[in-house]
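**Q** Coordinates only, no sequence provided:
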């Protein structure tokens with residue numbers, strides 16, 4: 001067993017202001033957020049490398065201080081966030097790591113008594129080493145069962161509760177806990193106790209829906225609770241598999257499995273507690289169905305509203321058949337493929353334009369077949385595929401086609417990946433929060449990208465932002481819209497663009513700083529590349545990399561691996577009132593000042609020339625140094 005750290009021994013409290021995605025004027029929100037993010041990343045024991053990128057925080061553009069114009073206001077975190085973050089980081093680094101092996105070792109010492117199931121209101125029978133529960137009730141389980149199982153075969157509406165109070169259950173021939181029939185199975189880890197469920201069968205990582213294919217297998221709803229500790233180790237297939245819904249609250253849970261750590265047909269809900277899941281050849285958390293239940297409930301979603309969740313997986317961290325919903329004070333850390341030390345195979349593929357090596361199999365951080373919604377909490381992802389991905393146009397079992405949308409309205413998101421940081425087949429909508437794509441192939445990619453608020457940092461070796469054409473279409477119908485917030489983009493590859501819209505670019509507010517050190521006057525690569533029309537009526541845009549000529553932005557259009565004829569499109573002239581920047585900026589720290597706006601940032605690479613647009617700038621003055 002690899003020495004995987006349980007990051008969740010301390011709760012991560014997200015400051016209220018960060019939940020709202022706001023920032024006070026003149027406060028170093030970037031530094032406070034970075035402390036939280038680095039606190040989470042530094043404890044990841046196994047690392048991964050991103051070819052062509054740098055893991056150094058100084059290698060991306062950093063906002064140190066920003067005062068936004070009225071029509072671009074995004075405002076608020078502050079000294080509260082920074083103080084909390086620093087104190088949390090100190091507490092976290094002092095924590096002793098807890099591994100699944102340590103939990104099992106503790107259980108062997110504590111759970112050495114004879115095995116017993118006691119009940120006052122239920123019915124249990126014993127045959128050999130198999131305990132069968134046939135009615136609803138509460139069952140207290142203690143001691144060690146070295147090779148046996150608990151079978152629940154109760155009534156359709158019966159509620160069965162297993163109170164694990166220092167129990168170790170091992171089975172070499174079937175699921176140690178197997179709920180064949182019940183209305184609901186609740187497994188409670190009693191406070192102050194350590195409990196272990198071990199499936200020691202030979203590994204079989206088939207995705208076939210086979211009964212008993214997990215250490216804990218339930219044909220009914222499964223509820224995991226309690227304030228104790230539960231360690232589940234699966235040698236056969238999945239760690240925990242519920243054919244209906246799975247809910248997790250309060251307990252400390254560790255799950256290791258050769259296939260999916262948590263596989264659930266209908267839905268997963270994590271409200272609180274500390275959850276660590278490890279999949280050596282599958283997904284961390286996976287749902288299957290996308291239809292609507294007889295009660296009108298949409299199936300297939302993964303919802304995390306609290307607690308700490310640490311995922312190490314060879315495949316996808318979270319793979320939802322419908323939505324992924326993250327809110328509240330949830331703290332999620334995801335490491336996939338070689339970032340988790342577990343790979344599905346040695347096969348890899350290389351992104352042609354950047355040299356970034358990514359996994360050939362799907363090993364995304366978060367993947368949803370419909371949409372991803374983040375309104376709070378913190379999400380830290382390190383993966384060799386897309387960081388966050390939403391599929392569009394999928395034929396769902398509810399009869400509809402998936403939207404492929406991603407929405408972020410609050411919380412902290414940090415992504416290091418070998419492919420796209422955030423990829424939506426549909427729309428990316430950012431209305432708040434703090435998003436830091438530290439390393440990526442393409443930073444944000446979607447058919448439509450809209451930023452209304454929040455703070456976004458992107459470093460990419462291909463396009464920083466890419467609004468794509470409709471699926472299967474060569475029409476220029478993508479759009480990037482900026483109505484507010486703060487967006488900092490730097491790209492470092494060849495034949496790439498900082499902001500690339502295969503359609504239109506619209507800005508009514510906010511601050512956008514985009515840098516492409518390899519931009520050229522021929523138009524092959526640029527800071528901003530728009531195929532159709534540009535409309536800038538508010539906010540500020542600073543595009544660094546080359547001085548435009550003839551009122552055109554410069555920049556190429558990549559289609560089918562070739563430059564599109566004409567490259568730019570008919571409407572790609574610069575917005576009226578822009579000014580050119582003819583100077584040069586070396587790598588390092590710089591400041592842009594205009595009116596009451598004072599933005600300090602750091603460049604990885606030096607740039608020469610550019611253009612700037614801000615309301616009133618043509619008759620005023622600015623400083624860029």
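**A** Noted; the coordinates are in hand. This is a predicted model, so every value here is computed, not measured.
**Q** My read is that residue 113 contacts residue 142, right?
**A** Yes: judged on C-beta atoms under 8 Å, residue 113 makes contact with residue 142 at a distance of 6.4 Å. Placement of C-beta: from N, CA and C, glycine included.
**Q** Find the residues that touch each one of these two.
**A** Taking C-beta atoms under 8 Å, 6 or more residues apart in numbering as the contact rule, residue 113 and residue 142 both touch residue 166.
**Q** and these two? which has more neighbours close in?
**A** Neighbours were counted for residue 113 and for residue 142 using other C-beta atoms under 10 Å; residue 142 has more, 20 against 12.
**Q** Enumerate the positions of stretch 610-623 that are buried.
**A** In terms of neighbour count (16 or more other C-beta atoms under 10 Å), stretch 610-623 has its buried residues at 610, 611, 612, 613, 614, 615, 617, 622.
**Q** ends of that stretch, how far apart?
**A** Using C-alpha to C-alpha, to the nearest Å, one end of stretch 610-623 lies 14 Å from the other.
**Q** List of residues touching it?
**A** 69, 527, 536, 538-548, 553, 574-575, 577-581, 591-595, 597, 624.
**Q** Mind picking the two most distant members of the buried residues of stretch 610-623?
**A** 610 and 615 (18.2 Å; C-beta to C-beta).
**Q** Beyond the least confident helix or strand in the chain by mean pLDDT, next helix or strand please.
**A** Every helix and strand of the chain was ranked by mean pLDDT, DSSP states H and E. The lowest is strand 562-563, at a mean of 24. Following strand 562-563 in sequence order, the next helix or strand is strand 579-585 (DSSP states H and E).
**Q** What is the neighbour count of residue 295?
**A** Neighbours around residue 295, by other C-beta under 10 Å: 5.
**Q** Let me know the secondary structure of it.
**A** coil (DSSP: H, G, I helix; E, B strand; the rest coil).
**Q** quick one: pLDDT of it?
**A** Here the pLDDT value assigned to residue 295 is 91.
**Q** Distance of it relative to residue 244?
**A** 12 Å (C-beta to C-beta, to the nearest Å).
**Q** quick revisit: can you tell me which of the buried residues of stretch 610-623 end up in strands?
**A** 610, 611, 612, 613, 614 (DSSP state E).
**Q** now those residues as CSV including pLDDT and distance to residue 231?
**A** CSV is the format used below for those (pLDDT from 0 to 100; distance: C-beta to C-beta, whole Å):
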residue, pLDDT, distance to residue 231
610, 87, 56
611, 87, 58
612, 90, 57
613, 90, 58
614, 90, 57
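**Q** Please parse this protein into its domains.
**A** With domains defined by automatic domain parsing, the chain comprises 7-93, 463-625.
**Q** Lowest average pLDDT across those?
**A** Among the domains of the chain, domain 7-93 scores lowest, at a mean of 36.
**Q** which residues in the stretch 301-450 of the chain form helices?
**A** For the stretch 301-450 of the chain, applying DSSP state H, counting those that start in this stretch gives no helices.
**Q** any weak-confidence spans in it?
**A** Residue ranges of the stretch 301-450 of the chain with pLDDT under 70: 344-360.
**Q** One more pass at 80, please.
**A** For the stretch 301-450 of the chain, applying pLDDT under 80 flags the ranges 343-361.
**Q** Repeat that for the stretch 101-250 of the chain.
**A** 101-113, 205-211.
**Q** Spell out the residue ranges of the strands in it.
**A** Listed in chain order, the strands of the stretch 101-250 of the chain (DSSP state E, counting those that start in this stretch) span 116-119, 124-127, 130-133, 137-145, 149-153, 159-171, 177-181, 184-189, 194-199, 214-218, 221-225, 229-234, 238-242, 245-248.
**Q** and the angle for the longest one with strand 214-218?
**A** In this case it means strand 159-171. Strand 159-171 and strand 214-218 are oriented at 160 degrees to each other (axes from the mean of the first three to the mean of the last three C-alpha atoms, to 10 degrees).
**Q** what's the closest of the strands of the stretch 101-250 of the chain to residue 492?
**A** Nearest to residue 492, of all the strands of the stretch 101-250 of the chain, is strand 238-242, at 39.6 Å by C-beta to C-beta.
**Q** so what secondary structure elements neighbour the closest one?
**A** strand 214-218, strand 221-225, strand 229-234, strand 252-257, strand 262-264 (3 or more C-beta pairs under 8 Å, 6 or more residues apart in numbering; DSSP states H and E).
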